[in-house]
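*Asks:* Following is a predicted model, sequence given first.
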Amino acid sequence: MDLTERKKKILRAIIESYIATAEPVGSKAIAEHLGRSISSATIRNDMADLEAMGLLEKPHTSAGRIPSPQGYRLYVNELMEEHKLSVQETERINSALRLKMQELDRVILEAGRVVSRLTNYPAFALSAGMERVTIQRFDLLMVQRNAFIIVVMTDTNLVRNKLVQLPSDLTQAQLQMLNTLLNTTFTGLTLDEITPELMRVAQHAAGEAYGLISLVVSFAMEVLESLEHRRVHTAGLAHLLELPEYQNLERAQPLMSYLSEDQDAARFPVPENGPMRILIGPENVADALKDTSVVMASYDIGDGMRGVIGVVGPTRMDYAKITARLSYFAEGLTRLFGQGELPDGRNGGEE
């Protein structure tokens with residue numbers, strides 16, 4: 001069955017009406033929405049066709065229709081008009097972005113809170129570490145007889161260093177031997193590949209300086225873990241209870257439980273092929289998200305890492321507004337992390 005331009009217009013009107021009201025939509029309301037340019041009888045026939053195509057659903061308690069997940073997907077892919085941020089929206093987001101960039105975990109936590117306030121939906125924010133990162137090079141630099149600096153450089157050209165104070169003296173020859181042993185044994189390995197067995201072999205080869213091998217490699221492992229680890233925070237769970245779909249606590253409880261258990265970041269989706277991603281209803285893998293939509297955007301943190309901000313809500317969420325606000329906020333975070341600047345506001349300007 002062909003999806004004519006008229007059917008597309010009717011489908012878009014139904015979805016946008018349902019987004020605004022959370023009430024099933026009938027042919028009379030659509031006729032009024034379209035300025036009575038199409039008769040109610042024609043709209044009823046087209047709504048029946050759209051239902052047969054799987055794009056609309058008919059609740060048992062109403063004569064009206066609501067969009068199906070497939071209908072929302074078609075809307076997002078083909079029918080949704082780009083939302084232009086207003087001056088007020090851009091100013092509100094820019095104001096939220098003027099937070100101090102301190103430790104990464106605090107920034108991620110604050111980003112989730114800000115996104116929840118901007119969208120009135122529960123939000124999650126996480127940093128996605130690199131899938132594979134290794135130590136490319138070790139350098140041990142003598143400072144004085146009982147102190148040296150560990151310098152590690154990753155294959156992403158990230159450099160970290162640490163000053164080590166020793167209880168006894170260390171010779172330059174011992175330090176050079178350790179440097180050679182580290183570079184021949186522990187470079188090119190991921191965190192998981194630095195095994196206890198490998199550590200034992202290296203400590204045995206280090207002789208009297210075996211304790212220093214453990215000290216240097218432990219620091220290198222901390223660096224790798226910081227780059228691979230994904231931290232996640234959720235915010236604004238109470239917004240669920242403000243939505244008609246979740247005023248029934250039995251329905252809201254599983255989703256709120258899922259979102260509140262924020263220790264395992266791997267449970268949260270991330271954008272894959274591009275800066276934005278929208279998952280609608282059953283497109284979500286997690287059972288707790290099957291009746292929701294998840295909209296997320298990524299931003300660059302630096303050091304080979306990226307962050308993700310996202311919102312979770314009913315499938316009738318206003319996708320155009322949410323994607324516009326998330327995209328602008330993510331762009332602002334990228335600029336702040338990279339250059340300490342706010343976005344130029346080119347997407348805004350409407351009063």
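*Replies:* Received it, and whenever you're ready, just let me know what you need. Owing to the predicted nature of the structure, the values given are computational and were not obtained by experimental measurement. Numbers count the residues shown, from 1 in each chain.

*Asks:* For the protein, which residues score under the pLDDT cut-off?
*Replies:* For the chain, the stretches with pLDDT under 70 are 1, 98-106, 128-131, 228-231, 261-266, 303-304, 339-351.

*Asks:* where do the strands sit along it?
*Replies:* For the chain, applying DSSP state E gives strands covering 56-57, 66-67, 123-128, 135-144, 147-154, 159-165, 231-235, 276-280, 292-302, 305-314.

*Asks:* Reformat those strands as CSV; add mean neighbour count.
*Replies:* In this view, the C-beta of every residue, glycine as well, is placed from N, C-alpha and C. Below are those laid out as CSV (neighbours: other C-beta atoms under 10 Å):
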stretch, mean neighbour count
strand 56-57, 20
strand 66-67, 24
strand 123-128, 25
strand 135-144, 16
strand 147-154, 19
strand 159-165, 13
strand 231-235, 20
strand 276-280, 19
strand 292-302, 22
strand 305-314, 24
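
*Asks:* Which one of these lies nearest to Ala206?
*Replies:* strand 135-144 (12.2 Å; C-beta to C-beta).

*Asks:* Direction included, what does the closest one pair against?
*Replies:* strand 147-154 (antiparallel) (DSSP bridges).

*Asks:* got the CA positions of the strand it pairs with in CSV?
*Replies:* Output of strand 147-154 as CSV, limited to C-alpha atoms (Å, rounded to 0.1, in the frame of the first residue of the first chain):
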residue,chain,number,x,y,z
ALA,A,147,63.1,10.1,43.5
PHE,A,148,62.1,9.7,39.9
ILE,A,149,59.3,10.6,37.6
ILE,A,150,57.2,8.0,35.7
VAL,A,151,56.1,9.2,32.3
VAL,A,152,53.6,7.0,30.3
MET,A,153,52.4,7.8,26.8
THR,A,154,49.4,6.0,25.3
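
*Asks:* can you list contacts of that strand?
*Replies:* 133-143, 159-166, 170, 175, 216, 219-220, 223-224, 227, 304 (C-beta atoms under 8 Å, 6 or more residues apart in numbering).

*Asks:* Equivalent analysis for stretch 193-203, please.
*Replies:* So stretch 193-203 is in contact with 181-182, 185-186, 189, 210-211, 213-214, 217, 220-221, 224, going by C-beta under 8 Å, 6+ apart.

*Asks:* Just the buried residues of it, please?
*Replies:* Buried residues in stretch 193-203, defined by neighbour count with 16 or more other C-beta atoms under 10 Å: Ile194, Met199, Ala202, Gln203.

*Asks:* Got the phi and psi for the first one?
*Replies:* Summarising the backbone geometry of Ile194 under the convention degrees, to the nearest 10, its torsions are phi -90, psi 90.

*Asks:* From Ile135, how far off is it?
*Replies:* Counting by C-beta to C-beta, to the nearest Å, the gap from Ile194 to Ile135 is 9 Å.

*Asks:* Would you point out which residue is most central in the chain?
*Replies:* Val308 (2.4 Å; C-alpha atoms, centre = their mean).

*Asks:* How far off centre is stretch 82-100?
*Replies:* 19 Å (C-alpha atoms, centre = their mean, to the nearest Å).

*Asks:* now stretch 325-344
*Replies:* Centre to centre, stretch against its chain (C-alpha atoms, centre = their mean), the figure for stretch 325-344 is 15 Å.

*Asks:* Pull out the buried residues from that stretch.
*Replies:* Neighbour count says stretch 325-344 has 325-337, 342-343 buried, by 16+ other C-beta under 10 Å.
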